[in-house]
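Asks: Pasted the sequence and its predicted model underneath.
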Amino acid sequence: MHHWQDITLAVGSLIFAIALVPSIMSKDKPALWTSTVTGGVLIVFTGTYASLSLWYATFTTALAAILWIVLALQKILQNKQPSPEKK
């Protein structure tokens, strides 16, 4: 059993997820490449943690991955909007 490791990884992932909330709420977004790659790597980590039965880490890392993907989608939508100087 990996109980303390599961909790440690889960707390870290939860802190990372909470730290993303201001970026999600802000008009300023990270680069699309950054958001996409980070979300993708976190999805792989989620599968890895699940294969080790680290369920707390699995769910909190999935949450962080989802938030990074949300940031990527927000950046895509932001890039589709015409900039104010082009109007």
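Replies: Great, that's in hand.

Asks: now the longest helix seen in the chain: mean pLDDT?
Replies: Using DSSP state H to define each element, the chain has its longest helix at helix 55-80. Helix 55-80 shows a mean pLDDT of 97.

Asks: what do you get for stretch 43-50?
Replies: pLDDT averaged over stretch 43-50 gives 98.

Asks: ok, residues contacting the strand or helix carrying W4?
Replies: Using DSSP states H and E, W4 maps to helix 3-25. Here helix 3-25 makes contact (CB atoms under 8 Å, 6 or more residues apart in numbering) with 29-30, 49, 54-57, 59-61, 63-64, 67-68, 70-71, 74. Placement of C-beta: from N, CA and C, glycine included.

Asks: coming back round to it: what helices or strands is the longest helix of the chain leaning on?
Replies: helix 3-25, helix 32-51 (3 or more CB pairs under 8 Å, 6 or more residues apart in numbering; DSSP states H and E).

Asks: quick one, that helix and helix 32-51 angle?
Replies: 160 degrees (axes from the mean of the first three to the mean of the last three CA atoms, to 10 degrees).
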